[in-house]
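> Need coordinates for the below:
(one chain, ligands or ions: 1)
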Amino acid sequence: MLTELEITQYEVFGFVVLRGFLTQHDIDTLNAEFDSALERAEATMERASFRKQLNWWNFKPDTSYTASLLEQPRFLDKVKQLLGEDVVASFSASNSFSGDRTDWHPDTSQKNWRGLKFGIYLQSLDGTNGALRLIPGSHREPMHSEFKRIPLKEGFAHSGTNLQEDGLSVDQVPSHIAAVECGDVLIFDNYAWHGSYGGGEDRRLITMGYFAAPKTPEQEDSVRQQVEAEAKIRDVFPLLVRDPFWLNNPDSNPERAKWIATLRKYGFIGD
Ligand SMILES: O=C(O)CCC(=O)C(=O)O
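A predicted model of the protein is given here:
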């Protein structure tokens, strides 16, 4: 379980780092599955943009351990502490970055959305080689929207940025550098602005996305808009797919069955 201090950090800063969270078995298995899926991704698509990013979802049989983290209580219990009991797991993704930067962006600016992401880097990182940078407090207004006033030099998938040739480059923006050892796990709010700088070849990141099940019409709208956002990003990254292997739920996991029903209801999964 998260401590009171960890919950407070997440609430106030918009992120928290859990140190030494993974076992060596986790790290070895995640890397082995990553190797096999990376080969498929390299054969399927080009690395996108200056990020030189490959991005796929872990719902095929050869990444089943990675996907199973979504359901493991050591992750899920924490999500429930932060978002409430009724949550939905939306994706388990892997990223290989070979660019030296990721532009500043939040995962969403969609109003009435409540969601978070786990970030698992499969190597130790600091400010010199691509650790995630976050702007503390940018998950909340007014900072979240105020940040859009800053002219930025680089942009990729997020439309809400003020892109200008002479804007700030990633490393010129004041931020917290979330240095990690392999085995640490980050949790960050989907509204938090983040980026990275200094990365090398094949910098590996596994992410897991969860959101609070919508309770009001406004929240339902925001979830539907997220479906549209997901479809747009899939145009760039065609391997962001919920494979039938995961949807078939062979072990009849009750949490997964509930998530799939909600994902289907809002249109994340077609018929
Ligand atoms: O590590 C990076 O370069 C960026 C990761 C990121 O933007 C994300 O997971 O949303």
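> The stretch 151-271 of the chain: helices as residue ranges?
Under the criterion DSSP state H, counting those that start in this stretch, the stretch 151-271 of the chain contains helices at 217-236, 244-247, 254-266.
> quick one, which of these is nearest to residue 76?
Across the helices of the stretch 151-271 of the chain, the minimum distance to residue 76, taken as Cβ to Cβ, is reached by helix 254-266, at 6.9 Å. C-beta: built from backbone N, CA, C; applies to glycine.
> Just want the angle from that closest one to helix 217-236.
Taking axes from the mean of the first three to the mean of the last three Cα atoms, to 10 degrees, one finds that helix 254-266 is oriented at 90 degrees with respect to helix 217-236.
> Which strands or helices does helix 254-266 pack on?
Applying 3 or more Cβ pairs under 8 Å, 6 or more residues apart in numbering; DSSP states H and E, one finds that helix 254-266 makes contact with strand 87-97, helix 217-236.
> Now tabulate those in CSV and tack on mean pLDDT.
Written out in CSV, the entries for those read as follows (pLDDT from 0 to 100):
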stretch, mean pLDDT
strand 87-97, 98
helix 217-236, 96
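> from those, which stretch is densest packed?
The highest mean neighbour count among those belongs to strand 87-97 (a mean of 22), with neighbours defined as mean count of other Cβ atoms under 10 Å.
> quick one: strands adjacent to the lowest-mean-pLDDT helix or strand in the chain?
The helix or strand with the lowest mean pLDDT-type score in the chain, counting by mean pLDDT, DSSP states H and E, is strand 162-163 (a mean of 91). Here the strand partners of strand 162-163, with direction, are listed using DSSP bridges: strand 151-152 (parallel).
> Could you tell me how far the strand it pairs with lies from the centre of the chain?
Going by Cα atoms, centre = their mean, to the nearest Å, the spacing between the C-alpha centre of strand 151-152 and its chain's C-alpha centre is 23 Å.
> so for it, what's the average pLDDT?
Averaged across strand 151-152, the pLDDT comes to 96.
> Those residues of the stretch 101-250 of the chain touching the ligand, which are they?
With Cβ under 6 Å from any ligand atom as the criterion, the stretch 101-250 of the chain comes near the ligand at residues 102, 107, 119, 132, 194, 196, 205, 207.
> Tell me if I'm right that the fifth one and residue 105 touch.
When you say that, I think you mean residue 194. Yes. Using Cβ atoms under 8 Å, residue 194 is in contact with residue 105, at 7.1 Å.
> ok, back up a step: give me the residues contacting the least confident helix or strand of the chain.
Counting by Cβ atoms under 8 Å, 6 or more residues apart in numbering, the neighbours of strand 162-163 from elsewhere in the structure are 148, 149, 150, 151, 152, 153, 154, 155.
> tell me the contacts of the residue of the stretch 151-271 of the chain found nearest the ligand?
Ranked by Cβ to the nearest ligand atom, the top residue of the stretch 151-271 of the chain for proximity to the ligand is residue 196, at 3.3 Å. Under the criterion of Cβ under 8 Å, 6+ apart, the contact partners of residue 196 comprise 97, 101, 102, 130, 131, 132, 133, 170, 203.
> hey, what's it bridged with?
residue 102, residue 132.
> can you put the contacts of strand 162-163 in TSV and add neighbour count?
Compiled in TSV, these are given as follows (neighbours: other Cβ atoms under 10 Å):
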residue	neighbour count
148	15
149	7
150	16
151	12
152	22
153	16
154	20
155	18
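> Tell me which two of those residues sit farthest apart.
Distances among the contacts of strand 162-163 were taken as Cβ to Cβ; the most separated pair is 149 and 154, at 16.5 Å.
> circling back: compare the helices and strands packed on helix 254-266 and give me the one nearest residue 254.
Using Cβ to Cβ as the measure, strand 87-97 is the one of the helices and strands packed on helix 254-266 that comes nearest residue 254, at 12.7 Å.
> thinking again about what came up before, higher neighbour count, residue 194 and residue 105?
More neighbours sit around residue 194 than around the other of residue 194 and residue 105, counting by other Cβ atoms under 10 Å; the figures are 26 against 20.
> and the more buried one, what does it touch?
Residues 102, 104, 105, 106, 132, 133, 134, 135, 188 are the ones in contact with residue 194 under the rule Cβ under 8 Å, 6+ apart.
> list the contacts for the fifth one?
The neighbours of residue 132, taking Cβ under 8 Å, 6+ apart as the test, are 119, 121, 125, 177, 178, 180, 186, 188, 194, 195, 196.
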